[in-house]
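Visitor: Need coordinates for the below:
(4 chains)
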Protein chains: 2
Amino acid sequence: MINLSYAHYKIEEAIEKKECIIIACKCEVWYSGRAESFTPEGDRILIIKPDGTFLIHQPKGNAPVNYMKEGAIHSVSKHENCLFINSSDVYKKEYIDIKATQVYFFQSHLLEDNQKIQLSGSEKDMSDMIYNKPELIEKGFKPLSREEHTKYGFIDVFGYDKDNILVVVECKRYNADLGAVTQLRRYVEKIKEAKGIHRVRGIIASPKISPNSLKMLTDWGFEYRAINPPKYLERYNNDQKSIFDF
Amino acid sequence: MINLSYAHYKIEEAIEKKECIIIACKCEVWYSGRAESFTPEGDRILIIKPDGTFLIHQPKGNAPVNYMKEGAIHSVSKHENCLFINSSDVYKKEYIDIKATQVYFFQSHLLEDNQKIQLSGSEKDMSDMIYNKPELIEKGFKPLSREEHTKYGFIDVFGYDKDNILVVVECKRYNADLGAVTQLRRYVEKIKEAKGIHRVRGIIASPKISPNSLKMLTDWGFEYRAINPPKYLERYNNDQKSIFDF
DNA sequence: GGGGAGAGATGCCGC
DNA sequence: GCGGCATTTCTCCCC
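Guide: Here you go, the predicted model:
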């Protein structure tokens, strides 16, 4: 257990030094901003980052129970055997107030990290793949553009089929849902209206589609292609795994 | 700086004891699962929770750079002055591999927290409010149900107007977008089709709506009501704030 | 800064 | 488990 006055001093010092701060404590949490919340007293982990990010984690679950995004200002005070931590963003009108009655541990450290995550298997990777291998859609498909902000909307792949009929392809990296179908319908309707043509084909390309969505898709005369997103790193990753498997 | 062999031992011990674990270290991260990723070496904070949740945070930003959800299994090993931390969920086929070259600090503690966040200002609060105060939509509106999973879809508020015309209300707690409009359209079309009636009114209730969405809404003959979500805790929260402002 | 859409979305509830 | 949908969604890109 950490003495509250000591914690008070250390937290203020670490904020001043722009360190990453970790606190484990028993606390209550109030939040007011886009919504309102109160979380009754329990053991939690608090993370304060030098960019102003504030995360409050319960001992279970993936998502923080409360949080403030980058840009928040933090202050600490002690009053009648309780430590008060306040996080506020006056511009966004977001506020968090914490009342801690016990501090289990405190740590802080100056951390440096300018690296960015390299991700593959996204929807953009999928539309790139289709653009470069149009026969994945069908023989004779001629893509014109990909990932383009047209006046009809943001269309993943756009082209002509072998009979020179316009084709709109909407990619989904995982499961295509009802929203994907209405999205495709919106694009097709807009293009028909803008170009004054009555025949535009719509295709959804994804590894999976829900039964309801497939029914709605085919009811409206659209088509489905089962296509998996590419995973460029897969082999590299497998090579790496062999290093770890000793 | 923490000795790697000591960290290795302490992490394994803390996992065994089902404690919450926090590690600050310099590391590389590989991920393979629904997608693939690699994050080059940098200073990060690792959080391992007793439920198997694993979070990797960079010193900036709200979201973890990599993560594993509840149910992952963790193992640690040391090899040639590097600490390897492995997180895997064989059922979901998700894997994270970490290679740490330096450990800045390590902490762990048994944390207990059975409390749940009490939130207000959500979409459900909004539909409850409209159900209880139907005049927010218009005079003579008679709600029949709220938040109901009908065979037509998940409808927020459903009722009759003063002329006994069916009304579907779609609530959005913040900004209503194009998806909200197509969602409403889907419900109205399905109900018309299922009940064989040609007149069903559709209304979007939200504090804001984008200009494009409003145009699409009115083009299709639907209506808009500017309504704010309720914030029950606001006063309570304001009372609390006065406690902190000393 | 707002609008539109993706995300390894996450989380909740219902079937 | 999947399906449908909200989220203090978050994040990115473009206007």
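Visitor: can you list the residues of chain A near DNA strand D?
Guide: A:31, A:33-35, A:37, A:65-69, A:94, A:96, A:149, A:175, A:177-179, A:208, A:210-213 (C-beta under 7 Å from any atom of the strand). Any C-beta I mention is one placed from the backbone N, CA and C, and that applies to glycine too.
Visitor: Please indicate which of those are buried?
Guide: A:31, A:33, A:35, A:37, A:65-69, A:94, A:96, A:177-178, A:213 (16 or more other C-beta atoms under 10 Å in any protein chain shown).
Visitor: Okay, and which of those map to helices?
Guide: A:178, A:213 (DSSP state H).
Visitor: What about chain B: which of the buried ones among the residues of chain A next to DNA strand D touch it?
Guide: Contacts with chain B within those, counted by C-beta under 8 Å from any C-beta of the partner chain: A:35, A:37, A:65-67, A:69, A:178.
Visitor: can you tell me which two in those are farthest apart?
Guide: Pairwise distances among those were taken by C-beta to C-beta; the largest, 31.8 Å, belongs to A:66 and A:178.
Visitor: How far off centre is stretch A:74-82?
Guide: Here stretch A:74-82 is found 34 Å from its chain centre; the criterion is C-alpha atoms, centre = their mean, to the nearest Å.
Visitor: do stretch A:93-112 as well
Guide: Centre to centre, stretch against its chain (C-alpha atoms, centre = their mean), the figure for stretch A:93-112 is 24 Å.
Visitor: Report the outermost residue of chain A with respect to its centre.
Guide: Relative to the mean C-alpha coordinate of chain A, counting by C-alpha atoms, centre = their mean, the farthest residue is residue A:80 (40.8 Å).
Visitor: Next one: that one from residue A:4, what distance?
Guide: For residue A:80, the distance to residue A:4 equals 10 Å [C-beta to C-beta, to the nearest Å].
Visitor: And residue A:60, by the same measure?
Guide: 26 Å.
Visitor: Helices along chain A, start to end?
Guide: Using DSSP H, the helices of chain A run over residues A:4-16, A:123-132, A:178-195, A:211-219, A:234-244.
Visitor: Give me the residues contacting the first one.
Guide: Contacting residues not belonging to helix A:4-16 are listed as A:21, A:23, A:48, A:74, A:76-78, A:81-83, A:85, A:100, A:103, A:106, A:108 [C-beta atoms under 8 Å, 6 or more residues apart in numbering or on different chains].
Visitor: Show the buried residues in the residues you listed.
Guide: A:21, A:23, A:48, A:74, A:76, A:83, A:85, A:100, A:103, A:106, A:108.
Visitor: right, and the first one touches residue A:48 too?
Guide: Yep, that's residue A:21 we're talking about. Yes - counting by C-beta atoms under 8 Å, residue A:21 touches residue A:48, with 4.1 Å between them.
Visitor: got the residues of chain A near DNA strand C?
Guide: A:61-63, A:91, A:119, A:121-124, A:153-154, A:156, A:170, A:172-174, A:180, A:183, A:186.
Visitor: Quick one: low-confidence residue ranges for chain A.
Guide: A:232-246 (pLDDT under 70).
Visitor: Show me how chain A divides into domains.
Guide: The record's domain parsing of chain A by automatic domain parsing lists A:4-109, A:123-226.
Visitor: For those, give me JSON lines that also has distance to residue B:140.
Guide: Converted to JSON lines, the domains of chain A look like this (distance: least, C-beta to C-beta, whole Å):
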{"stretch": "domain A:4-109", "distance to residue B:140": "31"}
{"stretch": "domain A:123-226", "distance to residue B:140": "31"}
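Visitor: rewinding a little: looking at the contacts of helix A:4-16, which is nearest residue A:201?
Guide: residue A:48 (52.9 Å).
Visitor: in the sheet, who's paired with the closest one?
Guide: residue A:21, residue A:54 (DSSP bridges).
Visitor: Now do the contacts for the spatially closest residue to residue A:188 that is not a sequence neighbour.
Guide: Once flanking residues are discounted, residue A:188 sits nearest to residue A:202: 4.5 Å by C-beta to C-beta, 6 or more residues apart in numbering or on different chains. For residue A:202, the contact set (C-beta under 8 Å, 6+ apart) comprises A:167-168, A:170, A:184-185, A:187-188, A:220-223.
Visitor: can you check residue A:197 too?
Guide: A:166, A:191.
Visitor: re the thing from before, taking the residues of chain A next to DNA strand C, please make a ChimeraX selection of just the buried ones.
Guide: A single ChimeraX command selects the buried members of the residues of chain A next to DNA strand C (16+ other C-beta under 10 Å):
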select /A:119,121,123,124,153,156,170,172,173,180,183,186
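Visitor: What about the residues of chain A next to DNA strand C, which are in strands?
Guide: Here DSSP state E is the test, and the residues of chain A next to DNA strand C give A:119, A:153-154, A:156, A:170 as lying in strands.
Visitor: Output those of those also counted as contacts of chain B.
Guide: Near chain B, by the rule C-beta under 8 Å from any C-beta, you find residue A:119 out of these.
Visitor: Near the nearest residue to residue A:77 once chain neighbours are set aside, how many other residues are there?
Guide: Computed as C-beta to C-beta, 6+ apart, the closest residue to residue A:77 that is not its neighbour in sequence is residue A:84, at 4.9 Å. Residues lying near residue A:84 (other C-beta atoms under 10 Å in any protein chain shown) number 18.
Visitor: Quick check, residue A:84 in contact with residue A:96.
Guide: No - with contact defined as C-beta under 8 Å, residue A:84 does not count as touching residue A:96 (11.1 Å).
Visitor: Closest residue of chain A to DNA strand D?
Guide: Closest residue of chain A to DNA strand D, C-beta to the nearest atom of the strand: residue A:212 (2.7 Å).
Visitor: residues in contact with that residue?
Guide: residue A:178.
Visitor: which residues does the closest residue to residue A:129 other than its chain neighbours contact?
Guide: Excluding the flanking residues, the one nearest residue A:129 by C-beta to C-beta, 6+ apart is residue A:230, at 5.1 Å. Taking C-beta under 8 Å, 6+ apart, we find residue A:230 in contact with A:120-121, A:125-126, A:129.
Visitor: neighbour-wise, which of the residues you listed leads?
Guide: That'd be residue A:126 among the contacts of residue A:230, by other C-beta under 10 Å, with 25 neighbours.
Visitor: residues touching residue A:78, list them.
Guide: A:4-5, A:8, A:84 are the contacts of residue A:78 under C-beta under 8 Å, 6+ apart.
Visitor: Looking at strand pairing, list the partners for residue A:149.
Guide: residue A:154.
Visitor: Could you report the distance from it to residue A:70?
Guide: Residue A:149 is 27 Å from residue A:70, by C-beta to C-beta.
Visitor: try residue A:58
Guide: Residue A:58 is 22 Å from residue A:70, where distance means C-beta to C-beta.
Visitor: Between those two, tell me which one has more neighbours.
Guide: residue A:58 (25 against 13).
Visitor: ok now do the more buried one, which residues does it touch?
Guide: By C-beta under 8 Å, 6+ apart, the contact list for residue A:58 reads A:42, A:44, A:65, B:113, B:115.
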